[in-house]
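Engineer: starting from these lines, generate the structure:
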Amino acid sequence: MSRYATNRPAWMEKPNRALSVLKFAVLAGILVAVIFPFVVVVATSLSTQASISRAGGLVVFPTELSLDAYAEILGGGVVSRAVLISIGVTLIGTLFSLTCTILAAYGLSRRDSFLHTPLLTIVLLTLLFAPGIIPSYLVVKNLGLLDNYWALILPTAINAFNLVIMRNFFLGIPSELLDAARIDGAGDFTILWRIVLPLSKAITAVIAMFYGVAYWNSFFNALLYMQTESKWPLQLVLRVFVLEGQQMAVSGEAPPPQQALQMAIVVLAIIPILLIFPFVQRHFTKGVITGAIKG
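Structural biologist: Modelled structure (predicted):
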């Protein structure tokens, strides 16, 4: 054995060709398993009744393309209204939740803040003990929020996990920087707006995406609290027409097939997340991991 040889861990050794081929095959298989269902959904939504019939229900390679399903569901009606409701709830809910989380996280990151320890203890307890469905429903009912859009936002306005991650990130900001601003006469809101938030763009973007995805994909609160069908968000409409198989009312002499309509709704529910994620993905390592290990 050479005198220069060292006992290095296995993960530091250069992988051999067989191991590299095996890793490539496994990753390729995972990639196909993830992409194939999405391709089937998109292809079926763009297919005609003849193509769907020949394929036996789900199309992989459409031979006849048609946008009739998208024109039908976006031409006014329950799906178009549900899309607008989901967009409104997601935008307002994300802004409201992000504002509340930032304010609470900043307050809890200052160890001399009012009732710091009891409030932090209550937040941490909510991570262990989640409220039940019946108490949550009774609270929403007694507040008069049944069949109100605020019932989709207020019960989940602050997520304890997101709050803890953002608080830990704020704790990592040098206290000397904040003390210098305070000596110059800056108040808490000025420090938060002009110093803390500009240094926290990564964690803010990540937490905003967490809230946005949660609001966009949420259907259980709507199922519990929204009693009028015209107020249903997209995810609840998706559940009714796709999972439960309810037939969608269509107009025209040659309406698009029901399978294409169902898959078009699924595509509309997925596309916004796919469009937003690439812009936020680069912040994940810097935002969540850094916020999780500091403090």
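Engineer: where do the helices sit along the stretch 101-250 of the chain?
Structural biologist: Using DSSP state H, counting those that start in this stretch, the helices found in the stretch 101-250 of the chain span residues 116-128, 133-142, 160-171, 175-183, 188-191, 201-217, 220-225, 234-238.
Engineer: for Ile73, which of those helices is the nearest?
Structural biologist: Of all the helices of the stretch 101-250 of the chain, helix 234-238 sits nearest to Ile73, with 9.5 Å by CB to CB. Backbone N, C-alpha and C define where each C-beta goes, glycine included.
Engineer: buried ones in the helix or strand that the closest one is followed by?
Structural biologist: Downstream of helix 234-238, the first helix or strand assigned by DSSP states H and E is helix 258-281. Applying a neighbour-count criterion of 16 or more other CB atoms under 10 Å, the buried positions in helix 258-281 are 258-269, 272, 280.
Engineer: would you list those in TSV and tack on pLDDT?
Structural biologist: Shown next, in TSV, are the buried residues of helix 258-281 (pLDDT from 0 to 100):
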residue	pLDDT
Gln258	85
Gln259	87
Ala260	88
Leu261	88
Gln262	88
Met263	90
Ala264	90
Ile265	90
Val266	90
Val267	91
Leu268	90
Ala269	90
Pro272	85
Val280	73
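Engineer: of those, closest to Thr117?
Structural biologist: Nearest to Thr117 among these, with distances taken as CB to CB, is Val280, at 33.1 Å.
Engineer: correct me, but that closest one touches Ile207?
Structural biologist: No: in this structure, Val280 is not within contact of Ile207 by CB atoms under 8 Å, at 10.0 Å.
Engineer: how close does Ile85 get to Asn148?
Structural biologist: Using CB to CB, to the nearest Å, Ile85 is found at 12 Å from Asn148.
Engineer: more crowded one of those two?
Structural biologist: Ile85 (21 against 15; other CB atoms under 10 Å).
Engineer: in three-state terms, label that one for me.
Structural biologist: Under DSSP: H, G, I helix; E, B strand; the rest coil, the three-state class of Ile85 is helix.
Engineer: for it, list the residues it contacts.
Structural biologist: For Ile85, the contacting residues are 149, 231-234, by CB atoms under 8 Å, 6 or more residues apart in numbering.
Engineer: how about a cut-off of 6 Å?
Structural biologist: By CB atoms under 6 Å, 6 or more residues apart in numbering, Ile85 lies in contact with Pro233.
Engineer: nearest residue to Leu103 in space, please, no chain neighbours.
Structural biologist: Spatial nearest neighbour of Leu103, chain neighbours left out: Leu192 (7.9 Å); criterion: CB to CB, 6 or more residues apart in numbering.
Engineer: I figured that neighbour hits Tyr106, correct?
Structural biologist: Yes: assessed by CB atoms under 6 Å, Leu192 is found in contact with Tyr106 at 5.2 Å.
Engineer: which non-adjacent residue is nearest the residue sitting nearest the centre point of the chain?
Structural biologist: The centre of the chain sits closest to Val213, judged by CA atoms, centre = their mean, with a distance of 1.7 Å. For Val213, ignoring the flanking residues on the chain, the nearest one in space by CB to CB, 6+ apart is Ile273 at 6.0 Å.
Engineer: got it, and Leu154?
Structural biologist: In this structure, Leu154 finds its nearest non-sequential neighbour in Leu145, 6.8 Å apart by CB to CB, 6+ apart.
Engineer: likewise Pro15?
Structural biologist: Nearest non-adjacent residue to Pro15 (CB to CB, 6+ apart): Lys23, at 7.5 Å.
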